[in-house]
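Student: What follows is a predicted structure for the sequence shown.
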Amino acid sequence: MKKLFLIICIVSSFLYSCEKEDKDPGVSMISAVALSASSGKAVAKIDQKGDYTITDHGFVFAASSSSSVSNPGINNVDPSNKVSLGSIIKADTFSAILPLTSSDGYYYGSNYRWNVWAYITNEKGTVYSTTPISFYPKQLVLQSVSPTVGKVGDTLTISGSNFDTSISNIQVRFYNYYESNYVLANVISATETTLKVIVPSISETSSYYSSNYQFSIKVKMGNNEMTLSNSFSLTPVPTGFSPKQGSFNTYITISGTQMESISSVIFGNESTYVSGRSNTAITFYVPSSAKQKRSKIYVVKGGTQIEVPGGEFEILPLTVSSVSPLKVWPGNSVTITGSNFNNSSSYNIILIGSSRISASYESSSSISFGIPYNMPDGEYAVRISNGIDTVLAPGVLRVVVPSITAISPSSAYPGDLITITGHNFNDNNYVYIDGYSYYSSEHDSVSYKLTVPALAPGRHNIQVYANGYYAQSTKEFIVIEPTISSITPTSGAIGTSFVINGKGFGKNTYDVGVMFGNVNASVLSVSDTQINAKVPANTGSGTWVVSVTVNGNKISDTAQFTIP
């Protein structure tokens with residue numbers, strides 16, 4: 001009996017001493033990486049499950065400054081930053097996708113990382129992995145949108161990288177700068193590099209105008225938000241234009257909706273700029289470069305060309321009513337009147353015979369041009385083209401070129417009368433000799449009569465002027481040197497009047513000089529053949545050499561006069 005009690009005591013003592021303690025679970029992180037701009041993946045392992053019933057396991061995570069991995073620490077994790085995998089642990093390792101949508105990322109801006117802890121919860125409480133694993137989120141990258149022009153309800157493709165593939169984590173908004181308005185778009189599919197979205201109900205309603213009136217597209221994934229600035233615009237919807245016919249530079253209005261951001265207009269095959277715009281209409285001028293009688297009109301936006309309904313615009317026929325004057329000299333201006341001329345000299349073509357003439361002025365109803373100085377004398381047909389129509393003008397243009405055919409006589413003394421004959425002279429009163437003008441009191445359209453002025457002996461150029469044109473003689477005119485034939489009387493006292501006879505003295509006393517040696521004699525009168533003078537007072541007895549100058553040119557120093 002004592003032996004049995006001893007055995008029982010020994011067994012009881014062993015059982016009491018071998019009773020084991022209940023163990024807590026253990027968990028540690030294996031990895032944590034970014035999958036996209038708004039998601040990551042975490043992997044952990046079970047170090048031990050412990051002896052208590054597990055009620056939950058999973059991950060918690062929080063953002064922190066890139067310079068502080070432990071901040072904010074496990075005790076400050078936002079309860080919403082948790083991924084629960086439930087109570088059933090199927091393997092020694094477990095993983096989860098982490099939605100990186102917490103406001104923590106906004107707090108730290110672009111300079112943040114995500115810290116991830118694994119956890120296990122049982123009846124007693126929750127155990128966390130000792131050290132978190134941290135990773136930087138992938139940055140959202142936006143590259144382009146296609147197409148750049150469309151209408152409400154169209155499907156757009158946004159290209160980039162690091163997109164989330166779950167459309168529930170993606171927000172796309174269209175932003176109208178002038179209206180300060182965001183409109184949410186429906187995302188219909190997502191891959192890592194593309195998003196498909198439906199253009200929401202947006203409109204260009206602002207009274208302000210930007211060069212392209214484009215909407216910005218904002219994409220948000222988690223804490224990442226990027227903007228494609230001025231990347232999309234609405235397709236214009238033209239409904240018609242007016243007027244339907246006119247000429248170059250006619251002002252045309254195109255009506256419609258979403259018209260404000262149209263970049264240009266195509267008229268037929270010619271591109272032209274928009275002169276005025278609003279959301280419901282744009283205006284432009286028919287370009288001078290138009291080459292077709294009838295032209296369709298298109299509006300252009302973002303490389304998209306849209307035909308304006310309403311048919312074709314017709315350029316009215318070119319007409320010419322008059323050419324004035326019909327008789328012109330080289331250098332004269334001519335005006336052609338009519339209708340539907342081109343308003344640009346680059347496209348108006350004026351043909352005088354076969355010669356192309358440039359316009360000096362043009363409008364829709366008249367064109368002016370100058371007759372070239374080298375245009376030969378003759379009659380010419382006048383044709384005008386506006387780039388589309390070519391019209392023969394009424395009447396015949398007579399170009400009259402002044403010309404000198406003869407000078408008679410071809411040589412003469414100063415004071416002689418000469419006749420200059422030719423063609424197409426006018427009522428100008430002057431003849432030009434060596435560039436200086438001399439009055440002619442007798443002239444008509446074919447001749448000038450002129451008294452030879454007191455010019456230096458020799459050859460001289462003669463011109464006549466008619467309506468801006470100088471006609472020059474082909475041969476030079478010769479002025480003969482004046483001559484002295486005699487002095488009467490040949491002797492006399494101081495103060496005696498005497499006559500010098502000869503030829504070519506002219507008519508003006510101020511052009512003639514008489515000298516006794518170096519002493520000036522008074523000139524009383526002058527004619528072409530005689531000079532009346534008086535013996536100067538400050539001379540003495542003896543024989544004096546008498547010299548004569550005409551217009552500064554000495555013509556003789558051989559005549560003599562004796563004072564007793």
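Tutor: Nice, thanks for sending it over.

Student: end to end, how far does stretch 369-384 reach?
Tutor: In stretch 369-384, first residue to last residue: 12 Å (C-alpha to C-alpha, to the nearest Å).

Student: Name the residues of it that come out as buried.
Tutor: Buried positions in stretch 369-384, judged by neighbour count with 16 or more other C-beta atoms under 10 Å: 369-371, 375, 380, 382-384. C-betas here are computed from N, CA, C, even on glycine.

Student: Repeat that for stretch 294-306.
Tutor: 295-302, 304, 306.

Student: Among the buried residues of stretch 369-384, which one lies nearest to residue 337?
Tutor: residue 384 (10.6 Å; C-beta to C-beta).

Student: bridging residues for the closest one?
Tutor: Residues in a beta bridge with residue 384, per DSSP bridges, are residue 350, residue 391.

Student: Can you give me the pLDDT of it?
Tutor: Residue 384 is assigned a predicted lDDT (pLDDT) of 95.

Student: Just the CA atoms of stretch 291-302, as CSV, please.
Tutor: Only the C-alpha atoms of stretch 291-302 are listed here, as CSV (Å, rounded to 0.1, in the frame of the first residue of the first chain):
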residue,chain,number,x,y,z
LYS,A,291,-8.3,79.5,-107.7
GLN,A,292,-11.7,77.9,-108.2
LYS,A,293,-15.0,79.3,-109.3
ARG,A,294,-16.9,77.3,-106.8
SER,A,295,-15.4,76.0,-103.5
LYS,A,296,-16.4,73.9,-100.6
ILE,A,297,-15.6,75.2,-97.2
TYR,A,298,-14.0,73.1,-94.4
VAL,A,299,-13.1,73.9,-90.8
VAL,A,300,-10.0,72.5,-89.2
LYS,A,301,-9.4,71.6,-85.6
GLY,A,302,-6.6,69.5,-84.1
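
Student: and it, how far out from the chain's middle?
Tutor: Put simply, stretch 291-302 sits 21 Å off its chain's centre (C-alpha atoms, centre = their mean, to the nearest Å).

Student: which outside residues touch that stretch?
Tutor: Contacts with stretch 291-302, where a contact means C-beta atoms under 8 Å, 6 or more residues apart in numbering, come from 147-149, 212, 233, 235-236, 238, 241, 252, 254, 259, 261-271, 282, 305-308, 310-315, 387-388.

Student: That one - what's its average pLDDT?
Tutor: 92.

Student: what about the helices in the stretch 51-200 of the chain?
Tutor: Using DSSP state H, counting those that start in this stretch, the helices of the stretch 51-200 of the chain run over 104-108.

Student: all strands of it, in order?
Tutor: For the stretch 51-200 of the chain, the strands defined by DSSP state E, counting those that start in this stretch cover 54-65, 82-86, 93-99, 112-122, 126-128, 133-135, 141-146, 149-150, 155-161, 170-176, 181-190, 194-198.

Student: Out of those strands, which one sits most buried?
Tutor: strand 112-122 (a mean of 24; mean count of other C-beta atoms under 10 Å).

Student: That one pairs with which strands, parallel or anti?
Tutor: Strand 112-122 has its sheet partners listed here by DSSP bridges as strand 54-65 (antiparallel), strand 126-128 (antiparallel), strand 133-135 (antiparallel).

Student: To residue 447, which of those strands lies closest?
Tutor: With C-beta to C-beta as the criterion, residue 447 lies closest to strand 54-65 of the strands paired with strand 112-122, at 107.9 Å.

Student: Contacts only, for the closest residue to residue 250 other than its chain neighbours.
Tutor: Counting by C-beta to C-beta, 6 or more residues apart in numbering, residue 286 is the residue found nearest to residue 250 once chain neighbours are left out, at 4.6 Å. Contacts here follow C-beta under 8 Å, 6+ apart; on that basis residue 286 touches 246-250, 252, 267, 313, 315.

Student: before we move on, the earlier item: which members of the buried residues of stretch 294-306 are positioned in strands?
Tutor: Per DSSP state E, strands hold the following members of the buried residues of stretch 294-306: 295, 297-301, 304, 306.

Student: Spell out which helix or strand contains the closest residue to residue 425 other than its chain neighbours, please.
Tutor: Nearest residue to residue 425, sequence neighbours excluded (C-beta to C-beta, 6+ apart): residue 445, at 5.0 Å. Here residue 445, judged by DSSP states H and E, is contained in no helix and no strand.
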